[in-house]
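**Q** Build me a model from this:
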Amino acid sequence: MAVADLPKLARQFGETVQRILNTTICRDIRISAVVCDPDVVLVGYGLGKASLRTARFPVLSRRCWLDIGYRLCLDDSGEYLAVNASAFSIHAADDDKMCLCRFDYERGKRDYPEAHLQVYGTSDSLASWPGEPRTRQLERLNFPVGGRRYRPTLEDVVEFLITEGLAVPRDKGWEDVLRAEREAFQRIQLSAAIRRDPQTAREVLKGLETS
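**A** From the prediction side, this is the model:
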């Protein structure tokens with residue numbers, strides 16, 4: 001069985017991310033794919049030979065900044081691209097201290113949910129509970145958000161920024177862009193789920209044939 005070309009697949013993935021951003025809430029943002037080691041490629045803004053750390057960039061409204069990054073590899077079969085980790089951070093300014101929230105995905109984590117949301121701020125309710133001080137910090141809580149297959153995507157983050165008035169879409173076609181990209185992502189996830197559980201897929205298809 002031939003092993004897929006990871007750098008090529010990662011570049012194509014980066015082009016998709018770039019297209020989503022530049023047809024919705026950004027203009028002329030360039031997303032790079034950088035080989036970290038033979039088995040890992042990093043995708044994000046600001047990556048290059050001089051830095052393997054992503055950088056923040058402003059959306060069109062200039063009212064918020066995004067920092068997005070992916071750590072890509074091949075799946076166990078060596079045929080398909082897999083996201084080993086991803087992070088989407090929303091900031092009020094180009095400043096580490098001005099983070100609103102962060103959507104994280106880390107494959108294989110056991111201490112907390114693989115897909116989780118961290119919110120930066122304060123909570124009177126949380127502060128009133130007993131426990132060590134660090135456990136009463138809101139940003140230290142990892143809220144589960146859908147798991148590996150149904151985790152939030154870049155499309156969800158873009159929609160959140162637009163609907164909450166934090167970003168201004170480039171044109172009226174942004175909903176169509178997000179819908180098409182979501183459907184593509186869902187097909188990929190469905191294909192992966194079927195490969196890992198073909199028996200359930202057969203049962204569902206058999207039920208459809210007899211209904």
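
**Q** So Val43: helix, strand or coil?
**A** Under the three-state scheme (DSSP: H, G, I helix; E, B strand; the rest coil), Val43 adopts strand.

**Q** Check the burial of it by counting its neighbours.
**A** When neighbours are defined as other CB atoms under 10 Å, Val43 has 25 of them. Quick note: C-beta positions are derived from backbone N, CA and C, even for glycine.

**Q** residues contacting it?
**A** 10, 13-14, 17, 31-34, 69-70, 72 (CB atoms under 8 Å, 6 or more residues apart in numbering).

**Q** now the helices for the chain?
**A** Using DSSP state H, the helices of the chain run over 6-22, 124-128, 154-163, 174-196, 198-210.

**Q** Can you report phi and psi for the residue nearest the centre of the chain?
**A** The chain has Thr153 as the residue nearest its centroid, 4.4 Å off, counting by CA atoms, centre = their mean. Thr153 adopts backbone torsions of phi -120, psi 170, taken as degrees, to the nearest 10.

**Q** Give me the local confidence score for the residue nearest to it when sequence neighbours are not counted.
**A** Of all residues not flanking Thr153 in the chain, Phe185 sits nearest, at 5.6 Å (CB to CB, 6 or more residues apart in numbering). Looking at Phe185, its pLDDT is 91.

**Q** again, but for Leu42
**A** For Leu42, pLDDT reads 97.

**Q** cool, and Met1?
**A** With respect to pLDDT, Met1 has a value of 56.

**Q** got the contact list for Asp156?
**A** Asp156 touches Phe103, counting by CB under 8 Å, 6+ apart.

**Q** Please save the CA atoms from the helix or strand of the chain with the lowest mean pLDDT in CSV.
**A** For the chain, using mean pLDDT, DSSP states H and E, the weakest element among its helices and strands is helix 124-128, scoring a mean of 83. As requested, the backbone C-alpha atoms of helix 124-128 are provided in CSV (Å, rounded to 0.1, in the frame of the first residue of the first chain):
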residue,chain,number,x,y,z
ASP,A,124,-18.2,34.5,40.5
SER,A,125,-19.8,31.1,40.6
LEU,A,126,-16.5,29.3,40.0
ALA,A,127,-14.6,31.5,42.5
SER,A,128,-17.2,30.5,45.2
